[in-house]
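>>> Structure for this input, please:
(chains A and B)
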Amino acid sequence: MDATALNTLDQLQIAIAFILYLFVFGWIGYRRGQMRELWVFVVALLSLVVLRLRGDIFVAAANLGWKLINLLMSGGLSGGGTTASDIIIACPDPQTVPATACNAPGYLFLLWVTIVILTYVITTSTIVKSPHNGWAILLGIGNGLVYASVFLPRLVGLFRPDLVQLDQPFLLNTLTGLIRTAFTVIWSVIEDFWTLVEPVRPFVILLLLILIVVGAASTLRSAKA
Amino acid sequence: MGPVEGFFLSIALIVTLIGVARNYNKELGNTVVFISTVMLFAFGWEYGQGLLTQIDSVFLPEAVDLILGLLLTILFVSIIFASYAGRTFDFRGRPVPPPGGTLLSLVVGMLNGYLVAGTLWFIQGITNYPLQRIFPWFVPANLTPATDLIASGTAWYWPPVLFPSPVFWAIPLAILLNLRVRG
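Residues are numbered from 1 along each chain as shown, chains lettered A, B, ... in the order given. Below is the predicted model of the structure:
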């Protein structure tokens, strides 16, 4: 079902859940700081794109490595030339190689998760100066959106296994689709709210106006600081 | 969206961009001036409509519209220029660094853009688009008179007729002035 076809309260729930989700990642971003979050964001997004477009290279590399290990384990280097080349050139057996056409998406997913976790660990331990500012919040939210596009389609399997399709490693259009749908739902909630407050619309506008000017003026810092 | 909307949205966009470039501590000072002017126009509209009708009945309505439209536009543009020129109501203090500060500048700039473009549109609307007679290619010919638009609730978003009473504008103005004086 299209999310925009839901009733207002359902849309409101989705909008609040989405905003809270972004808030959590924004908070994490603020805590970790700008530089750490920037590295994680760049690595997560770049590896996502590379694995999506050139995943076959990593699948082939993994298979080759696996076969090489098999070759070494079977004493291929000490055996005859025929035995060694047979093992390396042999068509990958789905039961013996880590990544085949069938499980390549899962393999690439695990590889991406490993890269992201390693980036978190490395940036936490190596980057000391990481300013806690608004950019850190935005980058944290960006990371949250990237993770949502990767994890949400898989997490749906916990509730509706029939809806999950894992035949693609990562769908980049999931990210854009997620953002588009989320903001459509939020916009729809705002429109419904606007219709709801029609009788008292001038007061709502006045309140918004006061919030804007007071909010902006109250953030001005003392010139002496 | 027609050419009229496009034209006034362009003005709003330009004012918004100026706001982003100048930062919101300075833009809030302009907001004080713009709100005061909008309130002035709102009071004028509230209590001056009858006078306008009387003048229209004595003189040629088209001529009255043209002269009034030009006078009000020049007056309002002069106020806008005066609010940007020199040190006016700039708020003291340093704005927060980007991106928070930029976002606030964008919001305050959008508010100012709305106030400026909306009031210019209001002036053109209540004087039945006199620019149309000077530049016929500029505005479509089949425009509904502003009084009908306001009566039907279509033009409620023009700043001077946004609230049921002009006094509503005094509330944010008083708050802003209070914040400005306290520093």
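>>> Which helix or strand in chain A has the lowest average pLDDT?
helix A:81-89 (a mean of 55; mean pLDDT, DSSP states H and E).
>>> swap that for chain B, please
Between all helices and strands in chain B, the lowest mean by mean pLDDT, DSSP H and E belongs to helix B:146-152, at a mean of 65.
>>> Return the residues in contact with the nearest residue to residue B:179 once chain neighbours are set aside.
Excluding the flanking residues, the one nearest residue B:179 by C-beta to C-beta, 6 or more residues apart in numbering or on different chains is residue A:217, at 4.5 Å. Where you see a C-beta, it was placed from the backbone N, CA and C, and this is true even at glycine. Residues in contact with residue A:217 (C-beta atoms under 8 Å, 6 or more residues apart in numbering or on different chains) are B:28, B:91, B:176, B:179, B:180.
>>> For residue B:104, see how far away residue A:217 is.
Per C-beta to C-beta, to the nearest Å, residue A:217 is found 10 Å from residue B:104.
>>> residue closest to the middle of chain A?
In chain A, the C-alpha nearest the mean C-alpha coordinate belongs to residue A:147, at 1.9 Å (C-alpha atoms, centre = their mean).
>>> near chain B, anything from the strand or helix carrying it?
Taking DSSP states H and E as the criterion, residue A:147 maps to helix A:134-159. Yes: applying C-beta under 8 Å from any C-beta of the partner chain, one finds helix A:134-159 touching chain B at A:134, A:135, A:138.
>>> which among these gets closest to residue B:18?
residue A:134 (22.2 Å; C-beta to C-beta).
>>> The closest one touches residue B:97, doesn't it?
Yes: using C-beta atoms under 8 Å, residue A:134 makes contact with residue B:97 at a distance of 7.3 Å.
>>> These two - which one has more neighbours?
residue A:134 (20 against 13; other C-beta atoms under 10 Å in any protein chain shown).
>>> how close does the more buried one get to residue B:124?
Distance, residue A:134 to residue B:124, by C-beta to C-beta: 39 Å.
>>> Flag every residue of chain A that's near chain B.
Counting by C-beta under 8 Å from any C-beta, chain A comes close to chain B at A:133-135, A:138, A:202, A:205-206, A:209-210, A:212-223, A:225.
>>> Only whichever of those residues are buried, select them in PyMOL.
Buried subset of the residues of chain A next to chain B, written as a PyMOL selection, criterion 16 or more other C-beta atoms under 10 Å in any protein chain shown:
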select buried, chain A and resi 133+134+135+138+205+206+209+212+213+216+217+219+220
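>>> In helices only, show me the residues of chain A next to chain B.
A:134-135, A:138, A:202, A:205-206, A:209-210, A:212-218 (DSSP state H).
>>> who's in contact with residue B:162?
Going by C-beta under 8 Å, 6+ apart, residue B:162 touches A:202, A:205, B:156, B:168.
>>> Could you say which helix or strand holds residue A:129?
Residue A:129 is located outside every helix and strand, with elements delineated by DSSP H and E.
>>> The longest helix along chain A relative to helix A:134-159, how many degrees between them?
Identified as the longest helix of chain A according to DSSP H is helix A:34-73. When axes from the mean of the first three to the mean of the last three C-alpha atoms, to 10 degrees is applied, the directions of helix A:34-73 and helix A:134-159 differ by 50 degrees.
>>> Show me what counts as buried in helix A:34-73.
A:34-41, A:43-45, A:47-48, A:51, A:55, A:58-59, A:62-63, A:67, A:70-71.
>>> for the spatially most central residue of chain B, phi and psi?
The C-alpha lying nearest the average C-alpha coordinate of chain B belongs to residue B:119 (C-alpha atoms, centre = their mean; 2.5 Å). Reported as degrees, to the nearest 10, the phi and psi values for residue B:119 are phi -70, psi -40.
>>> got it, and residue B:94?
Per degrees, to the nearest 10, the backbone of residue B:94 is at phi -100, psi 140.
>>> Pull up the per-residue confidence for the nearest residue to it once chain neighbours are set aside.
Among residues not flanking residue B:94 along the chain, residue A:221 sits closest, at 4.7 Å (C-beta to C-beta, 6+ apart). pLDDT recorded at residue A:221 is 72.
>>> Tell me if I'm right that residue A:221 and residue B:93 touch.
Yes: using C-beta under 8 Å, residue A:221 is in contact with residue B:93, at 5.3 Å.
>>> In space, what's closest to whichever residue of chain A sits closest to chain B - neighbours in sequence excluded?
Closest approach between chain A and chain B, counting by C-beta to the nearest C-beta: residue A:220, at 3.3 Å. Nearest residue to residue A:220, sequence neighbours excluded (C-beta to C-beta, 6+ apart): residue B:93, at 3.3 Å.
>>> what does stretch B:77-84 rub up against?
For stretch B:77-84, contacts defined as C-beta under 8 Å, 6+ apart pick out B:18, B:29, B:30, B:33, B:34, B:37, B:88, B:89, B:116.
>>> what's the burial count for residue B:43?
Neighbours of residue B:43 (other C-beta under 10 Å): 15.
>>> And residue B:57, by the same measure?
Count around residue B:57 with other C-beta under 10 Å applied: 9.
>>> Also residue A:119?
Counted with other C-beta under 10 Å, the neighbours of residue A:119 add up to 18.
>>> how about the nearest residue to it once chain neighbours are set aside, what does it touch?
Excluding the flanking residues, the one nearest residue A:119 by C-beta to C-beta, 6+ apart is residue A:43, at 4.5 Å. Each residue near residue A:43 by C-beta under 8 Å, 6+ apart is listed here: A:115, A:116, A:119.
>>> Out of the residues you listed, name the ones that lie in helices.
Per DSSP H, those map to helices at A:115, A:116, A:119.
>>> Out of those residues, which is nearest to residue A:189?
Closest to residue A:189, out of all of the ones in helices among the contacts of residue A:43 and judged by C-beta to C-beta, is residue A:116, at 31.5 Å.
>>> just for chain A, where's the confidence low?
A:1-6, A:74-103, A:163-172, A:222-225 (pLDDT under 70).
>>> any idea how far the residue nearest to the centre of chain A lies from residue A:140?
Counting by C-beta to C-beta, the gap from residue A:147 to residue A:140 is 11 Å.
>>> okay, and the common contacts of these two?
What both residue A:147 and residue A:140 touch, as defined by C-beta under 8 Å, 6+ apart, is the set residue A:25.
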